[in-house]
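A.B. asks: please work out how this folds:
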Amino acid sequence: MDHHYNCNGCNVTIVKLPKRLALKSNNGKFLKSVDDSYHSLDFASDDPNATKSGLEIQALPSGEIRVKSVYYKQFWKRANDGDQTVYAVAGEKETGNKDTLFWPVKISEKTIALRCVANGKYCSRNRMYYDYLHAAADTMVDEARFEVKELVSERKIYDVEYRVDEARIYDSEPLTAGSATLKNEGEKEALLSDKVVYEETATYAVTRSESVTAGLEFTFEGSLTKVVSFKLEMSREVSEKMEWEVSKSEKTTQEATVSALVPARSSVKISYAGSKGKYSVPFSYTQRDIDSTTGKPTITRAR
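C.D. replies: This is a model prediction of the structure:
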């Protein structure tokens, strides 16, 4: 989720990013570390999984981030020159240097901008001798909008444990699911019954703490939940491909029996009432990732 933070009277939003990622500019190329003595950064790679394209995000408690080149094993740093060029030259201990700090701004689930803390400008692709990275854009122009590619080739979510005591039901409202007409053609009052057939729609999605989902598909293994009479229940076990924040819907045909005392030679229309609404329930899970650059697995427990 996004968190709001107040810095010297200005309201900003803390955006959480994946730990390892690559950035794609509007020229269709990924940022890469250039093999030169300056440790330049150039939007010229076609392969996000190449070592030179890899970036690691170091998030600070205040919401700022430092960005590390996997190839050079050093962090981004703005050069205080006319071009405001960003190089991968900063060390591990330069956390207090504003030239190495950036504010991520979420544009969409896959797109971000990065504002340099030192000069308040946005990082962007600047075409000169090559498509290098600099921090000189006043606004989030197209060249300052970067698509996030998380460096994971395979992800599995399993060992899901729901925290039912923290579940929340909201936006509930009554709903008429269907109706039946009970017709008594006899001479006496009678108790009549009929079936109401209706369609039940359930929509579900899974979310995580990262603000940018990067469109990564994963396998979810665990139980789904449902609400019955305003109480949370386990629904069914699934093992299926999903994406963070992307909803899936299921429709099932249900039937219910309605009954009523109907006077002689008359009819009664009975409506079968239900409700519709939303609910959320937090859960803990184990996550197994396969790094798309190294092929190595990483297993973490998330909450």
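
A.B. asks: rounded mean pLDDT for whichever strand or helix holds residue 261, please.
C.D. replies: Following DSSP states H and E, the helix or strand that holds residue 261 is strand 248-262. Taken as a whole, strand 248-262 has an average pLDDT of 90.

A.B. asks: can you tell me what sits against that strand?
C.D. replies: 177-178, 180, 182-184, 189-205, 242, 268, 270, 272 (CB atoms under 8 Å, 6 or more residues apart in numbering). Just so you know, the C-beta spots here come from the backbone N, C-alpha and C atoms, and that holds for glycine as well.

A.B. asks: just the buried ones among those, please.
C.D. replies: For those, a burial check counting by 16 or more other CB atoms under 10 Å picks out 177-178, 180, 182, 184, 192, 196, 198, 242, 270, 272.

A.B. asks: buried ones in the helix or strand hosting residue 289?
C.D. replies: Element membership for residue 289 (DSSP H and E) is strand 283-291. By neighbour count on 16+ other CB under 10 Å, the buried set for strand 283-291 is 283, 285, 287-289, 291.

A.B. asks: now render these as a markdown table, adding distance to residue 232 and pLDDT.
C.D. replies: Shown next, in a markdown table, are the buried residues of strand 283-291 (distance: CB to CB, whole Å; pLDDT from 0 to 100):
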| residue | distance to residue 232 | pLDDT |
| --- | --- | --- |
| 283 | 11 | 91 |
| 285 | 17 | 94 |
| 287 | 23 | 94 |
| 288 | 27 | 96 |
| 289 | 29 | 95 |
| 291 | 36 | 94 |
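
A.B. asks: which one of the residues you listed is nearest to residue 39?
C.D. replies: residue 291 (23.1 Å; CB to CB).

A.B. asks: dump the residue contacts of the residue nearest to the closest one when sequence neighbours are not counted.
C.D. replies: If the residues on either side of it in the chain are set aside, residue 291 comes closest to residue 151, at 6.2 Å by CB to CB, 6 or more residues apart in numbering. Residue 151 makes contacts with 18, 20-22, 48-49, 54, 291-293, as judged by CB under 8 Å, 6+ apart.

A.B. asks: from those, which land in helices?
C.D. replies: Per DSSP state H, helices hold no members of the contacts of residue 151.

A.B. asks: if any of these are buried, put those into a PyMOL selection.
C.D. replies: Selecting the buried subset of the contacts of residue 151 in PyMOL, with 16+ other CB under 10 Å as the burial test, is done by:
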select buried, resi 18+20+21+22+48+49+54+291+292+293
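
A.B. asks: could you work out the most separated pair of the contacts of residue 151?
C.D. replies: Longest distance between any two of those is 14.1 Å, between 18 and 49; criterion CB to CB.

A.B. asks: show me where this structure has its helices.
C.D. replies: With DSSP H applied, the chain shows no helices anywhere along its length.

A.B. asks: give the contact list for the residue nearest to the spatial centre of it.
C.D. replies: In the chain, the C-alpha closest to the average C-alpha coordinate belongs to residue 213, at a distance of 3.7 Å (CA atoms, centre = their mean). Contacts of residue 213 were listed using CB under 8 Å, 6+ apart, and they are 109-110, 243-245.

A.B. asks: so which of the residues you listed wins on neighbours?
C.D. replies: Using other CB atoms under 10 Å as the neighbour definition, the contacts of residue 213 reach their maximum at residue 244, which records 19 neighbours.

A.B. asks: skipping adjacent residues, who's closest to that one in space?
C.D. replies: With sequence-adjacent residues excluded and distances taken as CB to CB, 6+ apart, residue 244 is closest to residue 213, at 3.9 Å.

A.B. asks: ok, the one you found to residue 201 distance?
C.D. replies: Residue 213 sits 24 Å away from residue 201, going by CB to CB, to the nearest Å.

A.B. asks: tabulate the contacts of residue 213 (CSV), appending distance to residue 58 and pLDDT.
C.D. replies: As requested, those are exported to CSV (distance: CB to CB, whole Å; pLDDT from 0 to 100):
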residue, distance to residue 58, pLDDT
109, 22, 87
110, 21, 92
243, 26, 85
244, 22, 81
245, 24, 78
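
A.B. asks: dump the residues you listed into TSV; add distance to residue 300 as well.
C.D. replies: TSV is the format used below for the contacts of residue 213 (distance: CB to CB, whole Å):
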residue	distance to residue 300
109	22
110	22
243	19
244	15
245	20
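
A.B. asks: so residue 98 touches residue 117, yeah?
C.D. replies: Yes - the pair residue 98 and residue 117 passes the contact test of CB atoms under 8 Å, sitting 4.6 Å apart.

A.B. asks: out of those two, which sits in the busier spot?
C.D. replies: Legend: neighbour count by other CB under 10 Å for residue 98 and residue 117, higher for residue 117 (18 against 13).

A.B. asks: what's the closest residue to the more buried one other than its chain neighbours in contact with, if anything?
C.D. replies: Nearest-residue entry for residue 117: residue 101, 4.0 Å, with adjacent residues in sequence omitted and distances by CB to CB, 6+ apart. Contact partners of residue 101, counting by CB under 8 Å, 6+ apart, are 60, 64-66, 95, 116-118.
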